[in-house]
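Student: Compute the structure for the input listed below.
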Amino acid sequence: MTKYPLHHETPVVLNAPAEAVFAYLDDFHKLSAHMEKPSAMMMGSKMRIETDERGGRAVGSKVRMGGTMMGVTLALEEVVTEREPPRRKAWQTTGAKLLVIGPYRLGFELAPEGARTRARVFIDYALPDGALTRWLGRLLGGIYARWCTERMAKDALAHFARPA
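Tutor: Next up, the predicted model:
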């Protein structure tokens with residue numbers, strides 16, 4: 001079995017050059033802004049994002065998220081594993097206490113198309129450990145993975161739809 005046997009991705013075409021798209025997506029506070037706001041997917045809860053001194057913008061840089069959902073503490077630590085401006089970036093969990101997905105690798109790939117950029121936001125993930133969380137993962141993991149990649153893609157689409 002592979003480390004991350006499950007996959008979801010969301011493609012989007014953005015009205016900006018790849019360098020501008022990479023600069024936007026390279027910022028974890030922009031890319032993961034949906035996690036810092038209460039949402040139905042998070043049952044009205046939110047997470048706080050903390051980055052190391054490199055801001056998540058270098059291979060080896062660390063990002064932490066934490067919060068509570070329905071009284072359950074959620075926490076994760078990610079490390080940037082790939083960063084090739086303006087083409088791609090990926091990071092993976094090094095530790096996580098989550099409910100519906102287990103360890104994961106998340107990232108994006110960019111392909112210039114003239115003044116526009118085709119982006120693909122992806123997540124490769126495993127189900128969480130534990131009988132209850134594994135059951136929750138089977139039930140809701142795919143829904144959460146889709147929400148996560150779609151939210152990142154839609155936020156970028158909205159950002160680049162605004163006038164400069």
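
Student: Please make it C-alpha for all contacts and neighbour counts, starting now.
Tutor: Noted.

Student: For R48, give me the pLDDT.
Tutor: We have a pLDDT of 83 for R48.

Student: Which of the helices or strands spans it?
Tutor: Counting by DSSP states H and E, the element that carries R48 is strand 47-51.

Student: Checking my notes, A158 in a helix, right?
Tutor: Yes. The secondary structure assignment for A158 places it in a helix, going by DSSP: H, G, I helix; E, B strand; the rest coil.

Student: separation between A23 and A16?
Tutor: Distance check for A23 against A16: by C-alpha to C-alpha, to the nearest Å, it reads 11 Å.

Student: per-residue pLDDT, the residue nearest to F28 when sequence neighbours are not counted?
Tutor: By the measure of C-alpha to C-alpha, 6 or more residues apart in numbering, the closest residue to F28 outside its immediate chain neighbours is G56, 6.7 Å from it. According to the per-residue confidence, G56 scores 93 in pLDDT.

Student: Where does pLDDT dip in the chain?
Tutor: Low-confidence regions of the chain, defined here as pLDDT under 70, cover residues 1, 33-46, 69-70, 162-164.

Student: quick check, distance from the biggest strand by length in the chain to the centre of its chain.
Tutor: The residue-count maximum for a strand in the chain (DSSP state E) belongs to strand 72-84. How far strand 72-84 lies from its chain's middle: 9 Å, per C-alpha atoms, centre = their mean, to the nearest Å.

Student: And for the residue most central in space within the chain, nearest residue in space, chain neighbours not counted?
Tutor: For the chain, the residue sitting closest to the mean C-alpha position, by C-alpha atoms, centre = their mean, is L106 at 5.4 Å. Spatially, and ignoring its direct neighbours in sequence, L106 is nearest to I123 (4.4 Å; C-alpha to C-alpha, 6+ apart).

Student: ok, now how distant is the residue lying farthest from the centre of the chain from V13?
Tutor: Among the residues of the chain, the one whose C-alpha is farthest from the average of all C-alpha positions is G114, by C-alpha atoms, centre = their mean at 26.1 Å. Per C-alpha to C-alpha, G114 is found 11 Å from V13.
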